[in-house]
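Engineer: Here is my input, please return the structure:
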Amino acid sequence: MNTVADSAVNLKDESVEAVPEAVLGSSSKDIKDIDGPNKDMSTGDTNVQGDHSQGGTSLARSVSNATHDVLNQPPPLVDYDVFGTDTALVEGIGQYGVDPDQLDKLKLVGARAGSAEVIEMGFMANTYTPVLRTHDRFGHRVDEVDYHPAWHSLMGEAIGYGMAAQPPRGANTGHGVVPVPGAGTGLPTHLVRAAMLYMWSRAEAGVGCPMSMTYAAVRALRLEPSLASVWEPLLASTSYDPSLRYAMEKPGITSGMALTEKQGGSDLRANTTHAEPAGDGGWLLTGHKWFCSAPMSDVFLMLAYTSRGLTCFLLPRVLPDGSRNEFFIQRLKDKLGNKSNASSEIEVDHAYAWMVGEEGRGVKTVVEMIASCRMDALISSAGLMREALAQAIWHTRHREAFSRPLYDQPLMRNVLADIALEAEGATALFLRLARATDTEGDDPAEGQFRRLAVAAGKFWVTKRATVAIAEALECLGGNGYVEESVLPRLYREAPVNSVWEGSGSVNALDILRALVKEPAAFEVYFDEVSKASGSSSILDGAVRKLKSSLASFDSEEDAQWQARDLAVRLAVVLEASLLYRYAPQQIADAFCRSRLGDSGSSMLAGQVFGMLPRDVDTGIILERSAPI
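Structural biologist: Numbering: from 1, shown residues only. From the prediction side, this is the model:
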């Protein structure tokens, strides 16, 4: 199969590709017996006269010199500053404000995420994927998963920065370090932690899953103070210990979750796992879970039925006496992407656990935990999108086609700038939501805004990431389709964020549910977007249409039919309003015109990348996104 090396075609180029050495043979004897025209392997020129006057010696010499200077290929994009070169991120952090110590940490994470060492770790963790060992060599059941050392290095470094830590309640001011009682250091705010996760996802997103679950689990545990007081300090630790032993003997732990079952999926009330009292205040769980990611975690939040209904439980892998809990890994999932991270099917057979939250209110107990994981899916998607854009810009700046760099050609700039606008909107959105998470303790309206906006943002950004990464991959042509370019890995990684913790339709239905049960959240949402009122007639018009559409549903079925359209408009209008408030005018105008207004090109503008209005200044857009 032939592929075009870049996203441009020279119809006059009819050169023939070199015949592979495996076909020609490795010796001059093999070659000199071949009839037909000679081809100079170094230039691609063909001698149509078929001159064999030198008995094939010239052709043999050409093949022996097939290793030639590599021209017109970009150097590797490594050892660059992921934070400092991301103008949208730097400006956003500056506008919301962080303490100098936390800013230094962001700079450090940015340098590490762009380093050749960490990038290579990402490749290694995905090349040597997790392996399940159900039994040891003597036949004892062990249920362990082995990871490549690179995985543990990525986890350890990220957890050391605080990416898995949920800041203590009531201590957030939205700025700087949140003190940890009894510790001499501090944990990052939600805003700083979100920015770190976004940057680390660019190097390797797989480790984001266990860190996100660890971060989110604390929200559920806080509904059971007696458990939170014991487990939260370990879950918020900046120490990583992957050994499988009793959690209280470790300096820090990670948490997984096992909610869904094969017959129900997102319909958690269809679960069949059941729990019975253990007689000592604990419970014994029996059943199966269809998806259990990071099965080597120390504890798991799990749903099971008691006599009073679906209930949340905390289940440890190792019991206080050092014995293994009755937790059995059946197999690892063979996933499309997210290869470095193990996802499994498990069974529990009278496994010991503690109840979390109110009995019979399991879904309510885990809802905030799920919302936190959805937020992280949005953040990771923004990071993947931004990395794909950086790779595309880097390649096109160093690659020439038809006597000038691809980067300078109008159609390529249109595509790149359009992807850059999508990344700008996603970055503005996740930063605002992280800020709301920091401030909702003092302002309940911020919590209402966050819950609604996370559902809409998760729906939209995770879907756009897949499309944007595919476009960025195409900018490299055939080079983008090979694993060494990293873009295939980014592309396969993206869809998991759309599926994880509720697919697009589940999030759209949650928006409709909020419309009925929490209408005040929509009032807060419109208060938020109104802060950009008057910035653009297109945006003002889109807000009016959005408001009128909320009152136009004739029935529940009609509302469901339009739920996805509503989710998209909520997300894009919010992104546009944030860009008008926090980004340069040219960025906001280009985003708004191409996503919300009649750009004069097509109704598909904003869906198919590379259809920006002709007068958009691509220079200012791309300068903000160049990796170096």
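Engineer: got the contact list for Tyr246?
Structural biologist: Taking CB atoms under 8 Å, 6 or more residues apart in numbering as the criterion, Tyr246 is in contact with Pro316, Val318, Leu319, Pro320, Asp321, Gly322. Placement of C-beta: from N, CA and C, glycine included.
Engineer: ok, the spatially closest residue to it that is not a sequence neighbour - how many residues close by?
Structural biologist: Nearest in space to Tyr246, with sequence neighbours left out and distances taken as CB to CB, 6 or more residues apart in numbering, is Val318 at 4.9 Å. Other residues near Val318 number 20, with proximity taken as other CB atoms under 10 Å.
Engineer: what's near enough to touch Val318?
Structural biologist: Val318 is in contact with Leu244, Arg245, Tyr246, Ala247, Asp298, Arg324, Asn325, counting by CB under 8 Å, 6+ apart.
Engineer: PyMOL command to pick out the buried ones of these?
Structural biologist: A single PyMOL command selects the buried members of those (16 or more other CB atoms under 10 Å):
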select buried, resi 244+247+298+324+325
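Engineer: any chance of the contacts of Val318 in a markdown table, plus pLDDT and secondary structure?
Structural biologist: Rendered in a markdown table, the data for the contacts of Val318 read as follows (pLDDT from 0 to 100; DSSP: H, G, I helix; E, B strand; the rest coil):
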| residue | pLDDT | secondary structure |
| --- | --- | --- |
| Leu244 | 97 | coil |
| Arg245 | 96 | coil |
| Tyr246 | 96 | coil |
| Ala247 | 96 | helix |
| Asp298 | 98 | coil |
| Arg324 | 97 | strand |
| Asn325 | 98 | coil |
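Engineer: From the contacts of Val318, pick the one nearest Thr85.
Structural biologist: The shortest approach to Thr85 among these belongs to Asp298, at 36.7 Å (CB to CB).
Engineer: quick one: contacts for that closest one?
Structural biologist: Leu234, Ala247, Lys250, Ile253, Thr254, Ser255, Pro316, Arg317, Val318.
Engineer: Identify, from the residues you listed, the entry nearest to Asp558.
Structural biologist: The nearest one, if we look at the contacts of Asp298 relative to Asp558 and count by CB to CB, is Ser255, at 40.4 Å.
Engineer: neighbours around the nearest residue to the closest one once chain neighbours are set aside, how many?
Structural biologist: Using CB to CB, 6+ apart and skipping the chain neighbours, the partner closest in space to Ser255 is Ala217 (3.9 Å). Each residue near Ala217 was counted by other CB under 10 Å, and the total is 30.
Engineer: sorry, back to before: top of the contacts of Tyr246 by neighbour count?
Structural biologist: Ranked by the number of neighbours (other CB under 10 Å), those place Pro316 first, at 22 neighbours.
Engineer: and the gap between that one and Ala150?
Structural biologist: 27 Å (CB to CB, to the nearest Å).
Engineer: secondary structure class for Ala590?
Structural biologist: Counting by DSSP: H, G, I helix; E, B strand; the rest coil, the backbone at Ala590 sits in helix.
Engineer: pretty sure it contacts Leu612?
Structural biologist: Yes - under the criterion of CB atoms under 8 Å, Ala590 makes contact with Leu612 at 6.4 Å.
Engineer: Which residue of the two possesses the greater neighbour count?
Structural biologist: Ala590 (27 against 24).
Engineer: Tell me which residues of the helix or strand harbouring Arg513 come out buried.
Structural biologist: Following DSSP states H and E, one finds Arg513 within helix 504-517. The neighbour-count check on helix 504-517 (16+ other CB under 10 Å) flags Gly504, Val506, Asn507, Ala508, Leu509, Asp510, Ile511, Leu512, Ala514, Leu515 as buried.
Engineer: The stretch 251-400 of the chain: helices as residue ranges?
Structural biologist: 362-397 (DSSP state H, counting those that start in this stretch).
Engineer: can you give me the strands in it?
Structural biologist: For the stretch 251-400 of the chain, the strands identified by DSSP state E, counting those that start in this stretch occupy 255-258, 274-277, 283-293, 299-306, 309-316, 327-332, 343-356, 400-401, in order along the chain.
Engineer: With respect to burial, which of these scores highest?
Structural biologist: Among the strands of the stretch 251-400 of the chain, ranked by average contacts under mean count of other CB atoms under 10 Å, first place goes to strand 255-258 (a mean of 28).
Engineer: Which strands or helices does that one pack on?
Structural biologist: Contact here means 3 or more CB pairs under 8 Å, 6 or more residues apart in numbering; DSSP states H and E; on that basis strand 255-258 packs against helix 208-221, strand 283-293, strand 299-306.
Engineer: circling back: the helix holding Arg513: what's the following helix or strand?
Structural biologist: Towards the C-terminus, the helix or strand next in line after helix 504-517, according to DSSP H and E, is helix 520-529.
Engineer: Could I get the average pLDDT for that next one?
Structural biologist: Per-residue pLDDT over helix 520-529 has a mean of 97.
Engineer: Then stretch 481-495?
Structural biologist: Mean pLDDT, taken over the full extent of stretch 481-495, equals 97.
Engineer: contacting residues around stretch 620-628?
Structural biologist: Where contact means CB under 8 Å, 6+ apart, the residues beyond stretch 620-628 that reach it are 77, 80, 85-88, 114, 386, 389-391, 393-394, 397, 407, 413, 416-417, 420-421, 423-424, 584, 586-587, 590.
Engineer: And that stretch, what's buried?
Structural biologist: Of the residues in stretch 620-628, those buried under the neighbour-count criterion (16+ other CB under 10 Å) are Ile621, Leu622, Arg624, Ser625, Ala626, Pro627.
Engineer: Could you do stretch 546-566 as well?
Structural biologist: Under 16+ other CB under 10 Å, the buried positions of stretch 546-566 are Leu546, Phe553, Ala559, Gln562, Ala563, Arg564, Leu566.
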